[in-house]
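Enquirer: Could you look at this predicted model? Sequence included:
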Amino acid sequence: MDNLAFFVTFAMFIEAMVETFKWIFQTDQDGKSLLSWVRIAALALGVGACTAFNIDLFAAAGFQTNVPYVGAIGTGIILARGANVIHDLIDKLEPDPEPDMNNE
């Protein structure tokens, strides 16, 4: 992976983690916390499962860390939102298909 693709991919992973925390720690229009215990449980299960099974999306994308389990924890945070977030990441990582010049 070239340097630009490396940084763009890493930025997308970080953005996915930030969106997960926004998903968990939402507030209403008055600023009142809408903390969801179900979402917190999903986060705990995602991080626990990824750590237990050593599932590391960052390593799979070519990122290396000197801190054990950080990739598995990050992956668990991302996966806590379910399959939809992975589908969104894949869509962002795939190049746009070539336009079909015959169907104008």
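Expert: Looks like it arrived, so ask away.
Enquirer: Tell me the helices and strands packed up against the lowest-mean-pLDDT helix or strand in the chain.
Expert: The helix or strand of the chain with the poorest confidence is helix 83-93; it has a mean of 71 (mean pLDDT, DSSP states H and E). Other elements packing on helix 83-93 under the criterion 3 or more CB pairs under 8 Å, 6 or more residues apart in numbering; DSSP states H and E are helix 3-24, helix 70-79. From N, CA and C alone the C-beta is placed, and that goes for glycine too.
Enquirer: Let me know which of these is tucked in deepest.
Expert: Stretch with highest mean neighbour count among the helices and strands packed on helix 83-93: helix 70-79 (a mean of 22; mean count of other CB atoms under 10 Å).
Enquirer: Any chance you could list what contacts that helix?
Expert: Under the contact criterion CB atoms under 8 Å, 6 or more residues apart in numbering, helix 70-79 has outside partners 13, 16-17, 20-21, 43, 46-51, 54-59, 63, 65, 85-86, 89.
Enquirer: Quick check: mean pLDDT of that helix?
Expert: Taken as a whole, helix 70-79 has a mean pLDDT of 89.
Enquirer: returning to that earlier point: the helices and strands packed on helix 83-93 into JSON lines, with extra columns for distance to residue 32?
Expert: Listed next are the helices and strands packed on helix 83-93 as JSON lines, based on distance: least, CB to CB, whole Å:
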{"stretch": "helix 3-24", "distance to residue 32": "15"}
{"stretch": "helix 70-79", "distance to residue 32": "24"}
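Enquirer: Go through those helices and name the closest to residue 35.
Expert: Judged by CB to CB, the one of the helices and strands packed on helix 83-93 that comes nearest to residue 35 is helix 3-24, at 7.4 Å.
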